[in-house]
Every structure is written in C-alpha cells, then in structure tokens.
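prediction below, plus the sequence it came from.
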Amino acid sequence: MSDPYANLGNAAEDIQIAIADAMDARSIDPAQVAMRHAYMSEITVPGGAFAVEMGSGTGHITRDLITVARASRALGIEPAALMVERARTHHANQPGLSFEVGDAKATGLDSGSVDLVLMHTLLCHVPGPEDVMTEAFRILKPGGTLAIFDGDYDTATVAIGDFDPLEPVVKYMIDANVHNLWLPRQLVPLAAAAGFATGEVRAHGYIASGEAAYFMSVIDRALTKMQAERLLTTAGAEGLRAEAQARIAENRFFGFMSYTSMLATKPA
Ligand SMILES: C[S@@+](CC[C@H](N)C(=O)[O-])C[C@H]1O[C@@H](n2cnc3c(N)ncnc32)[C@H](O)[C@@H]1O
C-alpha cells in the first residue's frame, strides 16, 4: 500500500489533521519522551550549534534539539504546509526555533553549514532514503553529527494471546503507513555509503502505558480505513474499537514495539 507520510501535503485535509493529532499525542507520551531523551542526551554539539530536523511534522522533536540536545538554533524542514503551520503555532514561544516548508532531499541550505542533522521517524517513509543521506552529508560541517531514530515496525504487537483479533488491525495500519519496514535494519550500510562514520546503534523498547494514546490512534485510524475499504462493517469496526477501549479501561491493554537509534559523524 502507499504510505501517506511519503507525500503528506497531498493527502486529504482530514487525513493530515488525524496524522498531526497522532504526532502530537505520540510526542508527549512519557515513554516516547524517555526514548528521545536517551539518544539525544548522548549527542555532543559545539557552542552556538545550528541543528536541523528533516521531516519535522508538528515540531516537538525539533524543539528537543534545543531543549535536550543543547543546540542554540534549530530548523524543522517539512513538506506538508499544514504541519509547518501547526508546528509554528505550538512552539511560537521557543527562542531559536523555526520551521520551513521543504524537502529533505534538497534543503537549499549551504554545504557545511549545519552542526547536527536529525531524522526522527522520517526515513522509513521516504522512497530513495539514499538521497536524504547524501543531502545530510552535504549540509553537515566536517565533524558534524547525524542522528537517526526510526521504528522497527515489524516488531509492533498488541497481542495478548494466540489469534488476538486486534493484532491484524495494527499490522494492517503499519502496512498502509510504512514505505520501508526494514529501514532500521539497513541504517548502518546506508549511512556508510553516504560517507558517514557510524557510531552508537541502540534498540529502545516501547511499551504502551496509561491510555495507550499512540497505539489507540493506530487502531482507530486502521479501523476507519478498514471500514472505508469495506473490510469491516460499521458494527465490526465498532466492536474491535470497543474491545481495545475495554482493555484500556480494565488495565489489560498491551502494546509493544522496538525503535532503533543511530548516531553517526561526518569525518573531519
Ligand atoms: C512520521 S512523521 C514524523 C514527524 C516528526 N519527526 C515526529 O516524530 O513527530 C514523518 C514526517 O516526515 C515528513 N516527510 C516525508 N517525506 C519527506 C521529505 N522528502 N522531506 C522532508 N520531510 C518528509 C512527513 O511529511 C511527516 O511529517
């Protein structure tokens, strides 16, 4: 299936709004925040550093480049105007932070002008990730840092038993939303081919907690899409939605996936 994130600006407005809401929900999930802090706090930048997030969505992660990774200025580059507008509104009070509509494959930034480039859950959505890596290498200063964090979506599961009926709902959404399922497992050779010296590669286990906002947004959007595609009747979709909600209300919901982070350097 085609991945709407690969061309988000052209998706229907209601889909863009649902995706923006899901990004906002995921970005404040305490377990997601903890994973971001775990890899970003290992990044070292020089004083006065300029950082760029490619694929900045609603901007929460770009903001972390200043508040967690200690860059002085951060720019989020994002092709979907609706996301850029939302990012500007959300983060208007953060000094040093800005957002522009643009493409990670051709940022228009000067060669050797950036201290840190971040791709946070971007690359698995982009056809031709080699071109994004080449652009990151071009705009980074020698000695600059590339940080990548992406979902290893094949590990995603909500099953609490054999033949759990919610499991294919999650798999369906991943199939419909991830261009390259195997990207996190291909990161090291991809970065090396662009000229980077690869450093720390880590796995981060994510377990849903509380209201399981991220997994619930995945299940909810999947059921809406399955209904639109006549895979489920309204009653069928409502039944599965009620099952997920009951698991949360009764503290029986389980959701897990693994993420991969990689830090790399442009050789000095
Ligand atoms: C899953 S979202 C992640 C957004 C944000 N990094 C976050 O984690 O909240 C992926 C984002 O990458 C953007 N994107 C897709 N292709 C892109 C490209 N060629 N250049 C820059 N951004 C792109 C999408 O529009 C989308 O906003």
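Cool, the structure landed.

all strands for the protein, in order.
Along the chain, the stretches classed as strands by DSSP state E are 50-54, 73-78, 97-101, 114-120, 140-157, 197-207, 256-265.

nearest to the ligand, of those strands?
Nearest to the ligand, of all these, is strand 114-120, at 4.2 Å by Cβ to the nearest ligand atom. All C-beta atoms are positioned from the backbone trio N, CA, C, and that covers glycine.

how about residues contacting the closest one?
36, 43, 45-46, 49-55, 61-62, 65, 69, 71, 104, 132, 136, 139-141, 144-150 (Cβ atoms under 8 Å, 6 or more residues apart in numbering).

so which of the residues you listed are also by the ligand?
Within the set of those, contact with the ligand (Cβ under 6 Å from any ligand atom) is found for 54-55, 61, 104.

can you tell me which of those residues is nearest R88?
Closest to R88 out of those is I61 (14.9 Å), distances taken as Cβ to Cβ.

any idea what the closest residue to the closest one other than its chain neighbours is bridged to?
Leaving out its chain neighbours, the residue that sits closest to I61 by Cβ to Cβ, 6 or more residues apart in numbering is H120, at 4.4 Å. Counting by DSSP bridges, H120 forms beta bridges with F149.

from the structure, what's the count of residues near H120?
25 (other Cβ atoms under 10 Å).

so what pLDDT did it get?
We have a pLDDT of 98 for H120.

do M1 as well
For M1, the pLDDT comes out at 53.

circling back: type out the PyMOL command that picks the buried ones from the contacts of strand 114-120.
Buried members of the contacts of strand 114-120, defined by 16 or more other Cβ atoms under 10 Å, are picked up in PyMOL with:
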select buried, resi 36+43+45+49+50+51+52+53+54+55+61+62+65+69+71+104+132+136+139+140+141+144+145+146+147+148+149+150
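
could you confirm whether stretch 109-123 reaches the ligand?
Yes. Residues of stretch 109-123 contacting the ligand under Cβ under 6 Å from any ligand atom: 120-122.

and the gap between E78 and R63?
Note on E78: its distance to R63, by Cβ to Cβ, to the nearest Å, is 13 Å.

who's more crowded, the two?
E78 (27 against 20).

and the more buried one, how far from M133?
E78 sits 18 Å away from M133, going by Cβ to Cβ.

give the contact list for R185.
Contacts here follow Cβ under 8 Å, 6+ apart; on that basis R185 touches 152, 260.

S72: how many residues sit nearby?
Count around S72 with other Cβ under 10 Å applied: 16.

excluding sequence neighbours, find me the nearest residue to it.
Counting by Cβ to Cβ, 6+ apart, the residue nearest S72 is G48, at 4.9 Å.

which stretch in the strands of the chain is the model least sure about?
Between the strands of the chain, the one with the least mean pLDDT is strand 197-207; it has a mean of 93.

how far away from the center of its chain is it?
14 Å (Cα atoms, centre = their mean, to the nearest Å).

go on, stretch 211-229?
With Cα atoms, centre = their mean as the basis, stretch 211-229 stands 17 Å off its chain's centre.

that stretch and the ligand, any residue contact?
No. Judged by Cβ under 6 Å from any ligand atom, stretch 211-229 makes no contact with the ligand; its nearest approach is 10.9 Å.

which residue is most remote from the mean position of the protein?
In the chain, the residue that sits farthest from the middle, by Cα atoms, centre = their mean, is A235; the gap is 31.9 Å.

please flag which of the ones next to the ligand among the contacts of strand 114-120 sit within helices.
Using DSSP state H, the members of those that fall within helices are I61.

I figured G195 hits K266, correct?
Yes. Using Cβ atoms under 8 Å, G195 is in contact with K266, at 7.0 Å.
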